[in-house]
Every structure is written in C-alpha cells, then in structure tokens.
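K.L.:
Take this sequence and fold it.
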Amino acid sequence: MGGRTGILIAIAIVAGSVGLAAFLVALAPEPERREPPPQIPFAQTGRIVLGDGAIPVYGAGTVRPSAEIDIIPQISGKVVWINPGFQSGGRIEAGQTIFRIEEEDYLYRVREAEADLEAKRVELLEAREKAEIARTEYEQFSGRLPKGKAVARRANPLALREPQLKAAKAALDREKARVADAKLALSRTRILAPFDGYVRDESMDLGQVVTAGQAVGRIFATDAVEVVVPLSDASAALIPGLWELRAGDAERQVPARVTARYGDGNYTWEGYVDRAEVSLDKQTRTIDVIVRVPNPFSREVPPEGAGGTPPLLIGKFVEVAIEGIASEAYYRVPRAALRPGNEVWVVRGDGAIHIASVRVLQRANDEAYVVGVFENEQLVVTGGLQYATEGMMVQFEADRVR
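P.N.:
Next up is the predicted model:
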C-alpha cells in the first residue's frame with residue numbers, strides 16, 4: 001500500500017510541474033517579429049570629376065649628363081702640374097687648365113723647326129736669284145741669233161730653273177707645316193677643360209708619364225642634365241608635337257617637372273621635353289622621351305620637407321610630369337575604380353550599378369584620366385565588391401565617399 005501511494009504522489013508532482021510550466025508559458029509576452037535584413041552588399045565609392053586643363057603625362061627615369069667626355073692627352077710626357085679641382089667630385093670651369101705636361105722637349109722641337117724654316121727661306125731666295133739669272137741669260141742668247149735664222153721655240157724649263165724654284169717653295173711650305181705642328185704639340189702640353197663640369201673620376205698623379213691616347217679622367221657638363229623617360233605609345237601620344245621637336249630648339253618646348261627625393265624632402269626642377277628616340281626599346285617596347293633640365297646644380301626651388309638643397313644627382317631615379325594635351329573632355333577617376341577590360345562600375349542614385357566602358361588616357365599614382373559618358377561628381381565603386389552585374393543593388397554611405 002505504501003509503494004502505491006508513493007507512485008501516485010510522484011505522478012501528482014510531475015503533473016503539477018507540467019501544468020505550472022504551461023501556465024507560465026501562456027502568460028509570457030509574444031516576441032516581436034522582425035523581417036531579416038536585405039542581402040545587399042556594401043561598396044566603397046569615389047567620385048568622378050570632370051577634368052580641366054592639360055593632361056599630365058607621368059613617367060620616371062634616371063638622370064644622366066647632357067655631355068660627358070674622357071680626358072685624354074694628345075701628346076706624351078711627364079705631368080708637372082695638376083689643377084686642384086681635378087679629382088673625383090671636383091669642379092672644373094671651361095677654359096681652365098686641367099693639367100700640364102713638361103714642355104721642354106716640345107719647345108726644342110719648335111726652335112729646331114723654326115731654324116730649319118729660316119734655312120729654307122734662304123734656299124728659296126737663292127733659287128729665285130738663280131732662276132732670274134737663267135732667264136736673263138736665255139733672253140740674251142736668243143737676242144744674239146742672226147735675223148732670219150732665229151727659230152722661235154719654247155725655252156727648256158730646266159734651263160730656266162723653274163722646277164728648282166718650285167721645289168724650293170715646296171720645301172719652305174713643308175718647314176712652315178713643321179713649325180705649325182711643333183707649336184700645336186707645344187700648345188697641347190696644357191690640357192684645357194672644354195666646358196664647365198664636374199669630375200666623375202681621375203687616375204693621374206704628379207710626375208706620372210702619360211702617353212697620347214691614354215684616358216686619365218672623365219668629366220661631365222654642369223649646364224644641363226637629361227632624364228630618359230620610357231613611355232608607352234599611348235602616353236607619348238599625349239605629348240603635343242612630340243615628333244616635331246628638335247634637340248636644342250628653344251622656341252618649341254613642352255614643359256616638364258622633375259621631382260627627386262632627398263632625405264625627408266621632395267625637390268623639384270623645371271625642365272622641358274627636348275626630343276624623343278625614333279625607335280622602340282627592344283625589350284620594353286616603349287618610346288624613350290628625353291627630358292632636359294637646365295642648371296641642375298644651382299636652383300632656387302624650396303624643398304617640401306626639411307633638409308639641404310642638393311643638386312640633381314647624376315644616376316638619381318626621379319619622377320617626371322610632362323604637360324600633355326587637352327584636346328577633348330575627360331574625367332578623373334580614382335585609379336582603384338578601373339576594372340579589367342577598361343570598365344568602371346558607376347553607382348546610380350538609387351544604388352544600382354551601371355557598368356561603363358572607358359578609354360584610359362593616362363594612369364597616375366592615385367587616379368586615372370579617362371574618356372567616357374559620365375556626369376560630374378558621379379559615384380564609382382572603388383572597393384568592397386569582387387564582381388558586379390548590370391543593375392545590381394549596393395549600399396554606400398555618403399560620409400565614406402572619397
């Protein structure tokens with residue numbers, strides 16, 4: 001009897017618990033129903049801006065001298081004096097003596113040649129006198145012939161000593177040439193700088209014996225430097241009148257700006273497009289455009305950052321911006337907005353994407369210059385999407401537009 005009672009009590013407790021739970025659930029408030037958020041991706045956007053003015057053509061290249069020569073003596077001899085500036089990094093002015101070669105041997109040759117010249121002058125005077133005497137004797141002999149028996153004939157040149165006179169004149173001219181050659185060799189004992197320049201390197205010491213044709217140093221001009229900028233044919237086509245430019249033509253110049261970094265600052269130099277190579281590079285298939293920068297070692301352009309005012313160093317890698325054409329309407333778009341196949345994803349006002357084709361004129365660091373059918377200040381997708389289709393809806397925030 002006792003076991004049966006326990007079972008009944010247990011059943012009553014379980015039933016009461018279930019009833020209490022059902023009562024509590026019935027009294028609980030019904031949860032608020034919410035619709036699931038739409039599955040529309042978020043896109044990062046930028047703006048299309050209508051371009052104005054010339055399209056800059058960007059490139060880069062390495063600075064090289066506009067003129068550079070080896071210093072080579074034309075005569076042999078011992079070096080007796082060297083310009084203090086003739087050392088690596090030194091500066092030489094045009095017309096300055098770079099070094100001198102011992103001149104005693106060449107002075108002796110000049111004096112010897114001048115002495116021989118005077119001897120030949122005397123020989124020429126003697127030859128003229130003898131020729132004059134021979135002609136007088138011939139005329140006297142011809143006058144003594146009986147009238148009617150005289151036979152008119154041309155006198156023998158040897159009898160008149162004409163060849164001897166010509167030989168004496170030739171000998172005198174030869175000695176004059178020897179004197180001129182000796183003086184020229186003497187003048188070459190002083191090696192002069194052909195232009196203002198810096199010494200790249202030198203290999204000569206005082207007392208050294210140099211030989212004709214031996215390179216003893218190298219200098220480059222300081223009046224200008226050149227930057228070889230390889231460009232694609234599409235970029236080169238944006239330079240106005242490129243193929244009509246002539247080297248050194250000051251009247252037709254396309255402005256260019258060269259920027260170099262030194263320390264913590266960026267420095268700029270004004271230059272111009274001087275010419276372009278008429279053949280493609282065999283490896284890169286690009287066109288080499290030559291930008292010339294006058295006075296690269298003395299400038300007044302202040303740096304953007306702290307530091308000194310360095311020259312435009314030879315061998316420095318620089319960035320170049322060339323003033324291009326502005327013949328048609330174009331737009332500037334963020335470079336990140338360009339898609340494969342020269343497409344951009346335009347975001348309409350309702351958030352729908354329109355895929356637009358463009359013609360790329362120029363790519364810069366952060367933006368591109370394109371031609372297409374757009375409106376100023378339109379939005380384009382710059383990130384956040386891996387793919388897009390025409391009419392696809394996207395989300396974007398105005399405060400996150402770049």
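
K.L.:
Now do the helices in the stretch 201-350 of the chain.
P.N.:
Under the criterion DSSP state H, counting those that start in this stretch, helices of the stretch 201-350 of the chain are mapped to 233-236.

K.L.:
Name the spans of it whose pLDDT lies under the cut-off.
P.N.:
Along the stretch 201-350 of the chain, the parts satisfying pLDDT under 70 run over 299-309, 327.

K.L.:
With the stretch 1-150 of the chain instead?
P.N.:
In the stretch 1-150 of the chain (pLDDT under 70), the answer is 1-4, 6, 8, 18-21, 23-28, 30-31, 33, 35-38, 143-150.

K.L.:
show me where it has helices.
P.N.:
Under DSSP H, counting those that start in this stretch, the stretch 1-150 of the chain gives helices at 2-27, 104-143.

K.L.:
how far out from the middle of the chain is the last one?
P.N.:
This means helix 104-143. Taking CA atoms, centre = their mean, to the nearest Å, the mean C-alpha location of helix 104-143 is offset from the chain mean by 61 Å.

K.L.:
Same check on stretch 39-49?
P.N.:
40 Å.

K.L.:
Just the buried positions in that stretch, please.
P.N.:
Residues of stretch 39-49 classed as buried: 43-48 (neighbour count, 16 or more other CB atoms under 10 Å). Placement of C-beta: from N, CA and C, glycine included.

K.L.:
hmm, back to that, could you identify which of the helices of the stretch 1-150 of the chain is most buried?
P.N.:
Of all the helices of the stretch 1-150 of the chain, helix 104-143 has the most neighbours on average by mean count of other CB atoms under 10 Å, namely a mean of 14.

K.L.:
what are the C-alpha coordinates of stretch 111-125, in PDB please?
P.N.:
This file holds the C-alpha atoms of stretch 111-125, laid out as PDB (Å, rounded to 0.1, in the frame of the first residue of the first chain):
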ATOM      1  CA  ARG A 111     113.100  76.100 -82.100                       C
ATOM      2  CA  GLU A 112     114.500  73.400 -84.400                       C
ATOM      3  CA  ALA A 113     111.700  73.700 -86.800                       C
ATOM      4  CA  GLU A 114     112.000  77.500 -86.900                       C
ATOM      5  CA  ALA A 115     115.700  77.200 -87.600                       C
ATOM      6  CA  ASP A 116     115.000  74.800 -90.500                       C
ATOM      7  CA  LEU A 117     112.400  77.200 -91.700                       C
ATOM      8  CA  GLU A 118     114.800  80.100 -91.900                       C
ATOM      9  CA  ALA A 119     117.300  77.900 -93.800                       C
ATOM     10  CA  LYS A 120     114.600  77.100 -96.300                       C
ATOM     11  CA  ARG A 121     113.800  80.800 -96.700                       C
ATOM     12  CA  VAL A 122     117.400  81.400 -97.700                       C
ATOM     13  CA  GLU A 123     117.300  78.500-100.100                       C
ATOM     14  CA  LEU A 124     114.200  79.900-101.700                       C
ATOM     15  CA  LEU A 125     115.800  83.300-102.200                       C
END
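
K.L.:
And for it, what's in contact with it?
P.N.:
Contacts with stretch 111-125, where a contact means CB atoms under 8 Å, 6 or more residues apart in numbering, come from 165, 168-169, 171-172, 174-176, 178-179, 181-182.

K.L.:
Dump these to a markdown table, plus neighbour count.
P.N.:
As requested, the contacts of stretch 111-125 are exported to a markdown table (neighbours: other CB atoms under 10 Å):
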| residue | neighbour count |
| --- | --- |
| 165 | 20 |
| 168 | 22 |
| 169 | 15 |
| 171 | 18 |
| 172 | 20 |
| 174 | 13 |
| 175 | 20 |
| 176 | 15 |
| 178 | 18 |
| 179 | 19 |
| 181 | 13 |
| 182 | 19 |
